[in-house]
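Peer 1: Please find the sequence and the predicted model below.
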Amino acid sequence: MQITEIKIAGFKSFVDPVTFYVEPGLTGIVGPNGCGKSNLLESLRWVMGASSARAMRGGEMDDLIFSGTEKRPARETAEVTLVLDNTDRRAPPEFNDMERLEVLRKLRRGVGSTYKINGKTVRGKDIQLLFADASTGANSPALVRQGQISELIGSKPQNRRRLLEEAAGIAGLNTRRHEAELK
Ligand code: ATP
Ligand code: MG
């Protein structure tokens, strides 16, 4: 699976709808302090199902919605869409007939999040599983936050194991086993 586009509207400092096109190869994001580089990475983690506001540097989820400036009123919704190229069929088997996946997460102030894959409403868990299998999930070692390395060094063995499982691409299997055992 390859990320080809990231579309953002109303998320943190990205108030107007914007589309980032991700070309094959290495992509760098540069810009002055406070221009939104970290916000962009947070939008990625969020659309992949991140459920902790703290990981998003916010007190609560609604802090992710554009909060307004002197000149512009706050927004009521935040939206992030990830467009994925699935021609390599790395997505779970239920998506095998889809070459292109559009994953949308939308947050309404005071209401909460909804998720869609290609226009169809799904659970947050389905989104997390989709990305866990591809080893790119919201908590995956592919996204390294500031301070995360020292956190890892000082963390419990169980937490370190979780990271290895995610890196090995088996985190999704554990979640599915857990769900099956509950049924
Ligand atoms: P640095 O180079 O210092 O790491 P950066 O490019 O990573 O900077 P970000 O941390 O992504 O910058 O962006 C910070 C900006 O986002 C701040 O100006 C902050 O006011 C703004 N911001 C954060 N949350 C919101 C929000 N909910 N609404 C409006 N603006 C927000
Ligand atoms: Mg930053």
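Peer 2: It's in. Ligands and ions are numbered 1, 2, ... in the order given.
Peer 1: What score does Leu101 have for pLDDT?
Peer 2: As predicted, Leu101 sits at a pLDDT of 96.
Peer 1: From Val144, how far out is Ala167?
Peer 2: Distance of Ala167 to Val144, given as C-beta to C-beta, to the nearest Å: 12 Å. (C-beta placed from N, C-alpha, C; glycine too.)
Peer 1: cool, and Leu26?
Peer 2: According to C-beta to C-beta, Leu26 and Val144 sit 16 Å apart.
Peer 1: Counting neighbours, go ahead and name the busier of the two.
Peer 2: Val144 (11 against 5; other C-beta atoms under 10 Å).
Peer 1: Neighbours of Ala171, how many?
Peer 2: Neighbourhood size, Ala171 [other C-beta under 10 Å]: 23.
Peer 1: Please report how far Pro93 lies from Ala180.
Peer 2: 16 Å.
Peer 1: Residue ranges in this structure under the pLDDT threshold?
Peer 2: 133-141 (pLDDT under 70).
Peer 1: Could I get the full set of strands for it?
Peer 2: Taking DSSP state E, the strands of the chain run over residues 2-9, 18-21, 77-85, 100-108, 112-117, 120-122.
Peer 1: Single out the most deeply packed of those.
Peer 2: Highest mean neighbour count of these: strand 77-85, a mean of 21 (counted as mean count of other C-beta atoms under 10 Å).
Peer 1: helices or strands up against that one?
Peer 2: Applying 3 or more C-beta pairs under 8 Å, 6 or more residues apart in numbering; DSSP states H and E, one finds that strand 77-85 contacts strand 2-9, helix 37-47, strand 100-108.
Peer 1: what about the ones you listed, which gets the closest to ligand 2?
Peer 2: The closest of those to ligand 2 is helix 37-47. By C-beta to the ion, the value is 3.2 Å.
Peer 1: who touches the closest one?
Peer 2: With C-beta atoms under 8 Å, 6 or more residues apart in numbering as the test, helix 37-47 has contacts from 3, 6, 8, 11-14, 20, 29-31, 55-57, 64, 80-82, 103-105, 127, 138, 143, 146.
Peer 1: Of these, which ones also sit close to ligand 1?
Peer 2: 12-13, 31 (C-beta under 6 Å from any ligand atom).
Peer 1: Export the helices and strands packed on strand 77-85 as CSV, with columns for distance to ligand 2.
Peer 2: Shown next, in CSV, are the helices and strands packed on strand 77-85 (distance: least, C-beta to the ion, whole Å):
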stretch, distance to ligand 2
strand 2-9, 16
helix 37-47, 3
strand 100-108, 21
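Peer 1: Any chance of the strands of the chain in a markdown table with distance to Glu151 as columns?
Peer 2: As requested, the strands of the chain are arranged in a markdown table below (distance: least, C-beta to C-beta, whole Å):
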| stretch | distance to Glu151 |
| --- | --- |
| strand 2-9 | 25 |
| strand 18-21 | 28 |
| strand 77-85 | 25 |
| strand 100-108 | 25 |
| strand 112-117 | 25 |
| strand 120-122 | 31 |
